[in-house]
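Visitor: Give me a model of this one.
(one chain, ligands or ions: 1)
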Amino acid sequence: MALPKVDFEVGADGVAVITMCNPPVNALAIPIIMGLKNRFDEAARRNDVKAIVLTGKGGRFSGGFDISVMQKVHRTGDSSHLPDVSVELVVNSIEDSKKPVVAAVAGLALGGGLELAMGCHARIAAPRAQLGLPELTLGIIPGFGGTQRLPRLIGLSKAVEMMLTSKPITSEEGRKLGLIDAIVSSEELLKASRLWALEIGERCKPWVRSLHRTDKIGSLSEAREVLRTARQQVKKTVPHLPQQLACVDVIEHGIVHGGYSGVLKEAEVFKQLVVSDTAKGLINVFFSQRAISKVPGVTDIGLKPRNVKKAAVIGGGLMGSGIATALILGNIHVILKEINPEFLLKGIKTIEANVNGLVRRGKLTKQKADAALSLLRGVLDYSEFKDVDLVIEAVIENISLKQTIFSDLEKICPPHCILASNTSTIDLDVVGKTTSSQNRIAGAHFFSPAHIMPLLEIIRTDKTSAQVILDLITVGKIIKKTPVVVGNCTGFAVNKTFFPYSQGAHLLVNLGVDVFRIDTLIRNFGFPIGPFQLQDLAGYGVAVATSKVFADAFSDRIFKSPLLDLLIKSGRNGNSVSMRFFFFNNSYFLCTGNILCEYNQLFLTLAISALPGKNNGKGYYIYEKAGKPKPDPSILPIIEESRRLCNIMPNGKPISVTDQEIVEMILFPVVNEACRVLEDGVVIRASDLDIASVLGMSFPNYRFDFLYSLFKIDNN
Ligand SMILES: C[C@H](O)CC(=O)SCCNC(=O)CCNC(=O)[C@H](O)C(C)(C)COP(=O)(O)OP(=O)(O)OC[C@H]1O[C@@H](n2cnc3c(N)ncnc32)[C@H](O)[C@@H]1OP(=O)(O)O
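Guide: Purely as a prediction, here's the structure:
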């Protein structure tokens, strides 16, 4: 691999083009930062240079500061690895340069990349480039002046929004907001940027030092109002994330004390946050997420993914219709098979509702929705299975039914076709037992709602071929999932790791700890809801069924609580049918960094649709149409009865435990089980389980500090 370098070329027009070369995203590694400093100094010195253009090689400006440098700081504990870019490079060499500097931006300018561009005197962009400051998703704040320059270029409200949500904008939006001075085609980008730089020098175009601007900030009282609202929003939605409030504080500092003072403050806070536990956790998640699709023996042996053009989904229930929705949204033709016209119609209607729901929420255009739906065909037999490349079976968890289906599929589908099951519990060797196609049988375990939840567990048996796994990983990425390859066992990676989660909670309750205290503490830890509210939303029938599966498989480590049976006997069975499928896969919504709010929204929508009704609406909580669920006091005698039957309270008295101990008693067994999952080789590496837990179980991605401090783990 080529070493990172910065190219320098002076044209006959007197423009020096400085090019960052560090594929694939021109990350600002230390040699790039040092190279930039040297090249800007050289351009300043040379008499034949009249103006400067800064650009990135390979059609991408820069993906920002090299995140692995921060990982090195975490590993070594030595913050001196962090270079002084903000003042030395961006202010002194770029913004205060005596020669005009123009950024020629193509592809993407993110984080430190955009911050370099904002230090330039103008920015010319190619169409559809991505511009953003996503640092908060890494537990840090922008550290090369972004908190100061972005508000000065595009106005405070929009800048605060872009930083707090970490969402990028396109160059077209950037042009409207004033971040980008002109958009030209990719082919014209360098030529137009050179000309622009020369024109600045000739005073035909404005020479703007963005840090000196104040015109877009508004008055101090207006600014304070914007920041007050932002703080309120942060406290409401992401109270656990220190970088959010720190970012608002640093912006305010610059507004009150001036941009340069803001830059200094920003650098100071940036360095503090880099070594925070939150940043350690989130930066680990960044690299883990990228490692996940590198599967030894699959992605490194020169295989090429085959094209999956047509897929079949068997079963049009909630899972099947969700999977079919995800496939058609990924532009894959789908035939949906059901056993009778009534079920088929219901499945198709669910898929239509899924797709139309995305349109309603502004996630999909009507045109794209129509195009996706045109790829769907409902069938009642196997006659159209002759040319399918992939089948995903999503029928009920019944072994003999699945065995019959796979035997039929083996006879009907072409020999290259992948035969996958969405089972969440049944051993795939058992599913494929009656076939001789075990090399093409795998698990494709989606998390409900399958068209929204990002995790896809791909289950590989001892016999599944590497090609089949590679193809499933590829399909997973096409349909915008994060595929994680796991081994074949009860519960696979996520459900196996988390089965002790609700058991710990039940043990505590039977030892005398209050149900609602437990839920609150787990929420405060960072999970979206506590274990008892989760059980309500799932419906107790599901909890009982899954407990039985795990009790059979792991009888040496099961706590049997009488509470659920008592609740059912007393006429309660949880709150919701509509939420039940959520729990069935142990997942309810994603709670990661910048997408937190979006998924909170999803959760609220589903929770509201889960009002008392079909499942009987009685649980630990009272659910009303509006507002938060309220603890139901009438549950207390049933809990007392459970404690009496269980009889594990020492001397018949409730135990006394601290908040910390409660959280630990629920999560430590999960960590133990995670160790077993690792030891048994169910996942290839620990970081795969981190990601699967975040995406599948909503483990708060910024709380891996909990695990690191627990085991004194080096997170690398
Ligand atoms: C001081 C400053 O304010 C602080 C900062 O700038 S912090 C950095 C801010 N920038 C970011 O957060 C952007 C992070 N990167 C991304 O979001 C995405 O990689 C991207 C949108 C740039 C490209 O996405 P995509 O094309 O799908 O490629 P993706 O697989 O993610 O990345 C390609 C490779 O580049 C690496 N990479 C991407 N951005 C990187 C970065 N900023 N630092 C180090 N490596 C980076 C990835 O780890 C991956 O490496 P691998 O091939 O060895 O696994």
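
Visitor: show me the contacts for the closest residue to the ligand within the chain.
Guide: For the chain and the ligand, the shortest gap (C-beta to the nearest ligand atom) falls at residue 111, measuring 2.4 Å. (C-beta placed from N, C-alpha, C; glycine too.) By C-beta atoms under 8 Å, 6 or more residues apart in numbering, the residues touching residue 111 are 63-65, 132-135, 142, 146.

Visitor: cutoff 6 Å now
Guide: Applying C-beta atoms under 6 Å, 6 or more residues apart in numbering to residue 111 gives the contacts 64-65, 135.

Visitor: Likewise for residue 161?
Guide: By C-beta under 6 Å, 6+ apart, the contact set of residue 161 is empty.

Visitor: measure it to residue 231 for me?
Guide: Remark: distance between residue 161 and residue 231 (C-beta to C-beta, to the nearest Å) = 14 Å.

Visitor: Likewise for residue 356?
Guide: On the measure of C-beta to C-beta, residue 356 and residue 231 end up 37 Å apart.

Visitor: again, but for residue 87
Guide: Taking C-beta to C-beta, one finds residue 87 at 28 Å from residue 231.

Visitor: near the ligand, which residues of the protein show up?
Guide: Residues of the chain lying close to the ligand by C-beta under 6 Å from any ligand atom are 24-25, 27, 63-68, 108, 110-112, 115, 134-135, 138, 142-144, 146, 290.

Visitor: Which among these count as buried?
Guide: Among the residues of the chain next to the ligand, those scoring as buried are 25, 27, 63-68, 108, 110-112, 115, 134-135, 138, 142-144, 146 (criterion: 16 or more other C-beta atoms under 10 Å).

Visitor: Tell me which entries of these lie within strands.
Guide: Among those, the members falling in strands (DSSP state E) are 108, 110.

Visitor: Just the element for the residue nearest to residue 332 when sequence neighbours are not counted, please.
Guide: In this structure, residue 332 finds its nearest non-sequential neighbour in residue 311, 5.3 Å apart by C-beta to C-beta, 6 or more residues apart in numbering. Using DSSP states H and E, residue 311 maps to strand 310-314.

Visitor: buried sites along that strand?
Guide: 310-314.

Visitor: Now the helix or strand just after that strand - C-alpha only, PDB.
Guide: Following strand 310-314 in sequence order, the next helix or strand is helix 318-329 (DSSP H and E). The C-alpha coordinates for helix 318-329 follow below in PDB (Å, rounded to 0.1, in the frame of the first residue of the first chain):
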ATOM      1  CA  LEU A 318     -44.100 -10.000  10.100                       C
ATOM      2  CA  MET A 319     -40.600 -11.300   9.600                       C
ATOM      3  CA  GLY A 320     -41.100 -12.600   6.000                       C
ATOM      4  CA  SER A 321     -42.800  -9.400   4.900                       C
ATOM      5  CA  GLY A 322     -40.100  -7.300   6.600                       C
ATOM      6  CA  ILE A 323     -37.400  -9.300   4.800                       C
ATOM      7  CA  ALA A 324     -39.200  -9.000   1.500                       C
ATOM      8  CA  THR A 325     -39.500  -5.300   2.000                       C
ATOM      9  CA  ALA A 326     -35.700  -5.000   2.700                       C
ATOM     10  CA  LEU A 327     -34.900  -7.000  -0.500                       C
ATOM     11  CA  ILE A 328     -37.100  -5.000  -2.800                       C
ATOM     12  CA  LEU A 329     -35.800  -1.800  -1.400                       C
END
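
Visitor: Quick one: residues in contact with stretch 467-486.
Guide: 292-293, 295, 298, 303, 305-306, 308, 326, 330, 418, 440, 442, 454-460, 492-493, 682-683, 688, 692, 695.

Visitor: Quick one: end-to-end length of that stretch, please.
Guide: Taking C-alpha to C-alpha, to the nearest Å, the first and last residues of stretch 467-486 lie 15 Å apart.

Visitor: Rounded mean pLDDT for it, please.
Guide: The average pLDDT within stretch 467-486 is 97.

Visitor: Give me the distance between that stretch and the centre of its chain.
Guide: How far stretch 467-486 lies from its chain's middle: 16 Å, per C-alpha atoms, centre = their mean, to the nearest Å.

Visitor: Also stretch 46-53?
Guide: Stretch 46-53 sits 44 Å away from the centroid of its parent chain (C-alpha atoms, centre = their mean).

Visitor: cool, and stretch 24-44?
Guide: For stretch 24-44, the distance to the chain centre is 31 Å (C-alpha atoms, centre = their mean).

Visitor: Using CSV, write out every CA atom in that stretch.
Guide: Only the C-alpha atoms of stretch 24-44 are listed here, as CSV (Å, rounded to 0.1, in the frame of the first residue of the first chain):
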residue,chain,number,x,y,z
PRO,A,24,-9.1,5.4,0.2
VAL,A,25,-10.5,8.5,2.0
ASN,A,26,-7.4,10.8,2.3
ALA,A,27,-7.6,10.5,6.1
LEU,A,28,-5.4,13.2,7.7
ALA,A,29,-2.7,10.9,9.0
ILE,A,30,0.3,12.5,10.8
PRO,A,31,2.5,12.4,7.6
ILE,A,32,-0.3,14.2,5.7
ILE,A,33,-0.6,16.9,8.4
MET,A,34,3.2,17.4,8.4
GLY,A,35,3.3,17.3,4.6
LEU,A,36,0.5,19.9,4.4
LYS,A,37,2.4,22.2,6.8
ASN,A,38,5.6,21.8,4.7
ARG,A,39,3.8,22.3,1.4
PHE,A,40,2.0,25.5,2.6
ASP,A,41,5.2,26.9,3.9
GLU,A,42,6.9,26.1,0.6
ALA,A,43,4.1,27.8,-1.3
ALA,A,44,4.4,30.8,0.9
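
Visitor: Just the buried residues of it, please?
Guide: 25-30, 32-33, 35-37, 39-40, 43.

Visitor: now swap in stretch 646-660 and tell me
Guide: Residues of stretch 646-660 classed as buried by neighbour count (16+ other C-beta under 10 Å): 646, 657.

Visitor: what about it, average pLDDT?
Guide: When pLDDT is averaged along stretch 646-660, the result is 96.

Visitor: May I have that stretch as PDB, with CA atoms only?
Guide: Extracted as PDB, the C-alpha positions of stretch 646-660 are listed here (Å, rounded to 0.1, in the frame of the first residue of the first chain):
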ATOM      1  CA  CYS A 646     -39.500 -18.400  45.100                       C
ATOM      2  CA  ASN A 647     -38.400 -18.000  48.700                       C
ATOM      3  CA  ILE A 648     -34.900 -16.800  48.100                       C
ATOM      4  CA  MET A 649     -34.900 -13.600  50.100                       C
ATOM      5  CA  PRO A 650     -32.400 -14.000  53.000                       C
ATOM      6  CA  ASN A 651     -34.500 -14.400  56.200                       C
ATOM      7  CA  GLY A 652     -37.500 -13.500  54.200                       C
ATOM      8  CA  LYS A 653     -36.300  -9.900  53.900                       C
ATOM      9  CA  PRO A 654     -35.600  -7.900  50.700                       C
ATOM     10  CA  ILE A 655     -31.800  -7.600  50.100                       C
ATOM     11  CA  SER A 656     -30.200  -4.200  50.200                       C
ATOM     12  CA  VAL A 657     -28.300  -3.400  47.100                       C
ATOM     13  CA  THR A 658     -26.800  -0.200  45.600                       C
ATOM     14  CA  ASP A 659     -27.800   1.100  42.200                       C
ATOM     15  CA  GLN A 660     -24.400   0.100  40.800                       C
END
